[in-house]
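K.L.:
Pasting the sequence and the predicted model now:
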Amino acid sequence: MALSRSCLPHHRASPGERCGRTQKSPRCTDHEAAFQRWRNAQPGRRALYQGDWPAESRAIRRAHPYCSVCGRVDELTVDHPTRSVFCRTHHGELEARRRAEAKATRSS
């Protein structure tokens with residue numbers, strides 16, 4: 001069972017800036033929507049996810065409507081490099097593994 005915590009409105013918010021709503025995720029629904037708008041407006045994300053990618057991602061999820069690892073059917077995302085469908089949990093694990101490998105490569 002996940003702990004309930006107070007909402008962290010944005011990625012740089014200090015504990016004193018919490019909005020007071022409690023939920024299991026880091027941000028309440030209102031602040032999560034605002035955070036996603038902010039994140040998606042960043043130049044690097046706009047360059048990566050504009051063009052044909054939104055339509056291609058939807059088509060891939062329609063053709064493969066479950067996580068390739070666990071079969072989960074909600075909170076799905078398509079991995080950009082491999083075009084595979086993952087639930088949020090497994091995509092996060094994949095991205096963490098990639099970041100660790102990239103860091104190890106840079107250090108050596």
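P.N.:
Yes, it's here.

K.L.:
Quick one: the helices in this protein, in order.
P.N.:
For the chain, the helices defined by DSSP state H occupy 29-40, 43-49, 53-63, 88-107.

K.L.:
and Thr82, which of those is closest to it?
P.N.:
helix 88-107 (8.6 Å; C-beta to C-beta). For the C-beta atoms, the positions are set from N, CA and C on the backbone; glycine is no exception.

K.L.:
Please point out which parts of that closest one sit buried.
P.N.:
Residues 90-91, 94 are the ones in helix 88-107 that count as buried (16 or more other C-beta atoms under 10 Å).

K.L.:
would you turn those into JSON lines with distance to Ala34 and pLDDT?
P.N.:
JSON lines is the format used below for the buried residues of helix 88-107 (distance: C-beta to C-beta, whole Å; pLDDT from 0 to 100):
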{"residue": "His90", "distance to Ala34": "26", "pLDDT": "95"}
{"residue": "His91", "distance to Ala34": "22", "pLDDT": "94"}
{"residue": "Leu94", "distance to Ala34": "27", "pLDDT": "95"}
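
K.L.:
Looking at these, spot the one nearest Arg37.
P.N.:
So of the buried residues of helix 88-107, ranked by how close each gets to Arg37 (C-beta to C-beta), first place is His91, at 20.5 Å.

K.L.:
Does the closest one touch His80 like I think?
P.N.:
No: assessed by C-beta atoms under 8 Å, His91 is found out of contact with His80, at 10.0 Å.

K.L.:
Fine, thanks again, bye for now.
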